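Asks: Provided below are the primary sequence and the corresponding predicted coordinates.
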Amino acid sequence: MPSNLEVALELDKVAEENEGEARKDRLIQMRKEALGIMRLLSIFCPVLIGSVWRGTIKQGSDIDIAVYTDEPEAILNVLKAVGVNVTRTGWMTVNKKGATLESFHIYAQTPANHGLEIVARSQEEAGRKRRCETFGDEIRGLNIKDLEKVLENNPTQKFIPQ
């Protein structure tokens, strides 16, 4: 059986073959939208994660941003104040290696009609290392400065283990 990493790399190749240049254009657009949202949420230490960070988007991919706060309502207030279309919210609880982790999820639509998921974790979780279940590596993501550099220097850069 192939590993999760092998399957993910093969799916990325198929998406690249099927979508071509439009995929790269969409990735750049999604990264720019992510940067705009992250700047709005800068006091919450936002980090771009998921397929938009990795550069492995496919049709239907959303923008995933992790933020750190003990008051998730403050994030909702910022988003609603600037007219972001929040579609639903909710608490999620997961058990990982015997630890129970809670996070508040905010789902929205961007102006370009991409899905947006913001995961609010407690401030004590900021900087905590997480492993990617698909790629097997550490989820580093991109903070605002890192994302600005990527968009300036190599806007379609991929962040996948080789």
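Replies: Yep, that arrived.
Asks: any idea how far His105 is from Lys97?
Replies: Distance of Lys97 to His105, computed by CB to CB, to the nearest Å: 21 Å. C-betas here are computed from N, CA, C, even on glycine.
Asks: compare neighbour counts for the two and give me the winner.
Replies: His105 (14 against 4; other CB atoms under 10 Å).
Asks: which strand residues bridge the more buried one?
Replies: Gly90, Val119 (DSSP bridges).
Asks: which residues in this protein form helices?
Replies: In the chain, the segments counted as helices under DSSP state H are 4-40, 50-54, 72-81, 144-153.
Asks: for the third one, buried residues please.
Replies: By 16 or more other CB atoms under 10 Å, the buried positions in helix 72-81 come out as 72, 75-76, 78-79.
Asks: give me the contact list for stretch 115-133.
Replies: Residues outside stretch 115-133 that contact it (CB atoms under 8 Å, 6 or more residues apart in numbering): 4, 33, 37, 41, 44-45, 50, 60-70, 72, 75, 79, 84, 101-110, 137-139.
Asks: and the residues you listed, which of them are buried?
Replies: 33, 37, 41, 44-45, 50, 61-69, 72, 75, 79, 84, 103-104, 106, 108, 110, 139.
Asks: now the helices of the chain in a markdown table, with mean pLDDT?
Replies: Formatted as a markdown table, the helices of the chain follow (pLDDT from 0 to 100):
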| stretch | mean pLDDT |
| --- | --- |
| helix 4-40 | 91 |
| helix 50-54 | 96 |
| helix 72-81 | 94 |
| helix 144-153 | 98 |
